[in-house]
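Colleague: Here is the input, now give the coordinates:
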Amino acid sequence: MELHQFFLYLAIILIAARLFSEIAGRHGVPAVIGELLAGLLIGPSLLGWVSPDATMKLLAEIGIILLLFEVGMDTDLFRLARSGLKPIIVAVVGFLLPFALAYALCRWVFGLDELVALFIGGTLTATSIGITVRVLDDIGRRQSDEAQIVIGAAVLDDILGVLALAFLYQFSVAGQVSLAATGAVGLYIVLFMLLAPFVAKLAGGIIDHYDQHAATPGLLITMALALILLFSWLAHALGAPLIMGGFAAGIALSQHFRFQIMHRLGLPALDRWFAPSPRLAHRLEDQMRPLIHTFAPLFFVMVGVSLDLNAVDWSSARVWMLGGALIAVAFVGKLAAGFFIREPRFNQIAIGLAMIPRGEVGLIFAQLGLTQGILDAETYAALLIVIALTTLAPPFLLKAYYARAAG
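Modeller: I've put the predicted structure just below:
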């Protein structure tokens, strides 16, 4: 892409994102819906001004990583831990139930090949944590008890999704699956999520120390951004999703995350030097917020741009039959996950609704299946319908659900 063309596309995306999110907000609709609709309007589905170009996708990835950094900073691990096994149960059920239902439907009702059925099942396991968190934020419920369960479950869902993607990719390429290779990816992801926050906490202490004595402004945001990008690279190198790096860095640099590792090693002076001051999180939030508000909407607009509804053969009966059946599975499979934990009925339904959005995660599965020649055009079109509906409908449903409860 020529540089001047890139600037034009970026300007269109930023203006469209702000305009549509503002319109949505003024009509009581979650802002994320406006940004998704902006992507549909300026993308291949309607006007065709912007295409899902690699450069734009790169900026969108930065946006979701920064958004997950903000989510990490707002996440209280101790409060999350008090949820116990609930996020794990929601994640596992929300992963296995749609997978099993979709596989059975495709294999024994529609007679599709085993690998095709596996890929469709994998597509329906996804939960887009970015969309889920943004909706909860838009309706003022991000700090609620049910939101903590959803955030934990959505993070685990991403990890399970990566393992499923690695499993299906091996199966599609080699015709068999190496359990050792899949297990190694899982082990690396777990080790990263356990160790990364502690390493980031130490790095945060060093950044805080030098920021307080810096001769020039901007050290804090520069080094924090570098840390986020470094952790995202490390997450990818270990087989974890890129966004896990931003999430881990956010957890470590938040005001909720405390540890006294140097004190326990008998080095209290070093503990005081390495541990960031309580004011660091507030300074970092103030400086990072404009950056997050600039880049995060790019991600949601690009999700809409990536949904090329013109690729759907709307006259095909098979597309509608398969798409309709999979939509039912996609909604029921995730909604049911909330009922497997002991919570008030209100929270169970809210958790189930919040787990439904597929977004970019479902697109990754579907796109891989298409490029590998596993999915034909009609099957891919049916999946596009499912992904589009499960991305656009849940924000409206959540908004209406909470509004009805408040009324």
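Colleague: Could you use CA atoms for every contact and neighbour count after this?
Modeller: Fine.
Colleague: From the rest of the structure, what touches stretch 385-394?
Modeller: With CA atoms under 8 Å, 6 or more residues apart in numbering as the contact definition, stretch 385-394 has outside contacts at 33, 36, 131, 307, 309, 312, 323-324, 326-327, 330-331, 353-354, 356-359, 362-363.
Colleague: can you pull the buried residues of it?
Modeller: Neighbour counts over stretch 385-394 (16 or more other CA atoms under 10 Å) mark 385, 386, 387, 388, 389, 390, 391, 392, 394 as buried.
Colleague: Which single one of the residues you listed is nearest to residue 224?
Modeller: residue 391 (31.1 Å; CA to CA).
Colleague: So which residues of the stretch 101-250 of the chain form helices?
Modeller: Using DSSP state H, counting those that start in this stretch, the helices of the stretch 101-250 of the chain run over residues 114-124, 129-138, 145-174, 179-211, 219-237, 243-253.
Colleague: Looking at those helices, spot the one closest to residue 101.
Modeller: Closest of the helices of the stretch 101-250 of the chain to residue 101 is helix 114-124, at 7.6 Å (criterion: CA to CA).
Colleague: what angle do the closest one and helix 145-174 make?
Modeller: For helix 114-124 against helix 145-174, the angle by axes from the mean of the first three to the mean of the last three CA atoms, to 10 degrees is 160 degrees.
Colleague: one step back: greatest separation within the buried residues of stretch 385-394: which pair is it?
Modeller: Taking CA to CA, no two of the buried residues of stretch 385-394 sit farther apart than 385 and 394, at 14.3 Å.
Colleague: pLDDT weak spots in the stretch 151-300 of the chain?
Modeller: For the stretch 151-300 of the chain, applying pLDDT under 70 flags the ranges 162, 166, 169-182, 184-186, 239-241, 255-278.
Colleague: ok, residue 316 - how many residues close by?
Modeller: Neighbours of residue 316 under the rule other CA atoms under 10 Å: 12.
Colleague: residues in contact with it?
Modeller: Residue 316 makes contact with residue 378, according to CA under 8 Å, 6+ apart.
Colleague: how about the CA coordinates for stretch 290-300, as CSV?
Modeller: What follows is stretch 290-300, C-alpha atoms only, in CSV (Å, rounded to 0.1, in the frame of the first residue of the first chain):
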residue,chain,number,x,y,z
PRO,A,290,-5.8,8.5,25.0
LEU,A,291,-3.7,5.9,23.2
ILE,A,292,-6.2,3.1,24.0
HIS,A,293,-9.1,5.2,22.9
THR,A,294,-7.4,5.9,19.6
PHE,A,295,-6.3,2.4,18.7
ALA,A,296,-9.0,0.2,20.3
PRO,A,297,-11.8,1.3,17.9
LEU,A,298,-9.5,0.3,14.9
PHE,A,299,-9.9,-3.3,16.1
PHE,A,300,-13.7,-3.2,16.1
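Colleague: what residues does it touch?
Modeller: Contacts of stretch 290-300 (CA under 8 Å, 6+ apart): 13-14, 17, 32, 35-36, 39, 57, 59-64, 66-67, 70, 131.
Colleague: Could you list the buried residues of it?
Modeller: The neighbour-count check on stretch 290-300 (16+ other CA under 10 Å) flags 292, 295, 296, 297, 298, 299, 300 as buried.
Colleague: Same list (these) but as TSV, adding secondary structure.
Modeller: Converted to TSV, the buried residues of stretch 290-300 look like this (DSSP: H, G, I helix; E, B strand; the rest coil):
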residue	secondary structure
292	helix
295	helix
296	helix
297	helix
298	helix
299	helix
300	helix
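Colleague: Single out the most deeply packed of the helices of the stretch 101-250 of the chain.
Modeller: Across the helices of the stretch 101-250 of the chain, averaging neighbours per residue (mean count of other CA atoms under 10 Å) puts helix 243-253 on top, at a mean of 29.
Colleague: Packing partners of that one?
Modeller: Judged by 3 or more CA pairs under 8 Å, 6 or more residues apart in numbering; DSSP states H and E, the packing partners of helix 243-253 are helix 54-74, helix 179-211, helix 219-237.
Colleague: can you tell which of those is closest to residue 347?
Modeller: Comparing the helices and strands packed on helix 243-253 under CA to CA, the one sitting nearest is helix 54-74, at 20.1 Å.
Colleague: Quick one: distance of that closest one to the chain centre.
Modeller: Its chain's C-alpha centre lies 9 Å from the corresponding centre of helix 54-74 when counted by CA atoms, centre = their mean, to the nearest Å.
Colleague: Could you do stretch 398-407 as well?
Modeller: 24 Å.
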